[in-house]
Each structure stands twice: as C-alpha cells, then as structure tokens.
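> I'll drop the sequence and a predicted model, then ask my questions.
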Amino acid sequence: MTPQRTIGDAVNLSAPAVQRRIKRMREEGIIRADVSIIEPQAVGQSITIFVEVEVISETAEQIEQAKTEFAAAAEIQQCYYVTGEADFILVIIVPSMADYEALTRRLFFGNNNVKRFRTFVAMDRVKVGLGVPVG
C-alpha cells in the first residue's frame, strides 16, 4: 500500500518506472499476491495446529492426490511436502478442537493412504509471516 512515488524516492526511480517494474514482477510471478493479513482470533479462528502426516504409499499419483486434497481444505493454511519421517507438514487454523477433530476424520481417518499423523497445538504465535529477505 506504499505509494509508488514513495517507493520511487527510496530507490531513485520515477513513479511510472516503479509501476512498470511492479507490473513486470507480477507478470513474472515474482510478486505472487498483494494481501491483507488477518488476525485469526479476530475472526474466530483461535487455534493453530501443526500436523505431520505420513502416507502409506508414495507413488507420484498418490502424492499428487494428497497435495490436491490438502490444498482444497480451507482449514489448511499451509502445506509442505517434505523429506524425513513425515511426508507432509500442515499448518492448520481452526476455531475449536471439535473442528480439528472433524477435519482429522475427513482428511486422515477417511483417507486409506494416511499411515499416521501427529498433532502439535501452538500455545503462542511468536512469529508468523511469509516475508522473504531480499538484498
């Protein structure tokens, strides 16, 4: 939301040059989105949960299916396909543990390819962000 003139002054460019560069970065996928960050508790989403998911079979087709299912779940804020003991790490935001239990029934217990999952409930949100250090 910083005015392009302010950005231009900081990097010694004109506002139109800043606008062209920002447009190009969006087109090239460097800038993926402009977002507002919502405080979860302010909208009734007070519980943050991290889940390790281990699958039974790691065929390309089944991994892609898991990715699709996890990406489609509104409660899953972030999903990472990882190396190590777990196959996926999920960051989940829910209003209550009952909602999380319902999600586990739908995504894990109801999925024949989920071998096991392990849950970690966040006690405090110390640092949250998706900022990328540049320069």
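Good, I have the coordinates. Numbering: from 1, shown residues only.
> return the set of buried residues in the helix or strand in which Ala10 is found.
Secondary structure assigned from DSSP states H and E places Ala10 in helix 4-11. Neighbour-count burial for helix 4-11, counted by 16 or more other C-beta atoms under 10 Å, picks out 4, 7-8. Every residue, glycine included, has its C-beta placed from N, CA and C.
> how about the residue nearest to the spatial centre of the chain: what's its closest non-neighbour residue?
The chain has Gln78 as the residue nearest its centroid, 2.5 Å off, counting by C-alpha atoms, centre = their mean. Nearest-residue entry for Gln78: Val91, 4.0 Å, with adjacent residues in sequence omitted and distances by C-beta to C-beta, 6 or more residues apart in numbering.
> in three-state terms, label the one you found for me.
Classification of Val91 by DSSP: H, G, I helix; E, B strand; the rest coil places it in strand.
> right, and it touches Ile47 too?
No: between Val91 and Ile47 there is no contact under C-beta atoms under 8 Å: 11.5 Å.
> quick check, Asp99 in a helix?
Yes: assessed by three-state DSSP, Asp99 belongs to a helix.
> right, and it touches Ile92 too?
No: using C-beta under 8 Å, Asp99 is not in contact with Ile92, being 9.4 Å away.
> state the mean pLDDT of the helix holding Ala10.
Confidence for helix 4-11, expressed as mean pLDDT, is 92.
> toward the C-terminus, what is the element adjacent to whichever strand or helix holds Pro16?
Pro16 belongs to helix 15-27 when elements are defined using DSSP H and E. As assigned by DSSP H and E, the chain's next helix or strand after helix 15-27 is strand 47-55.
> that's all I had, so thanks and see you.
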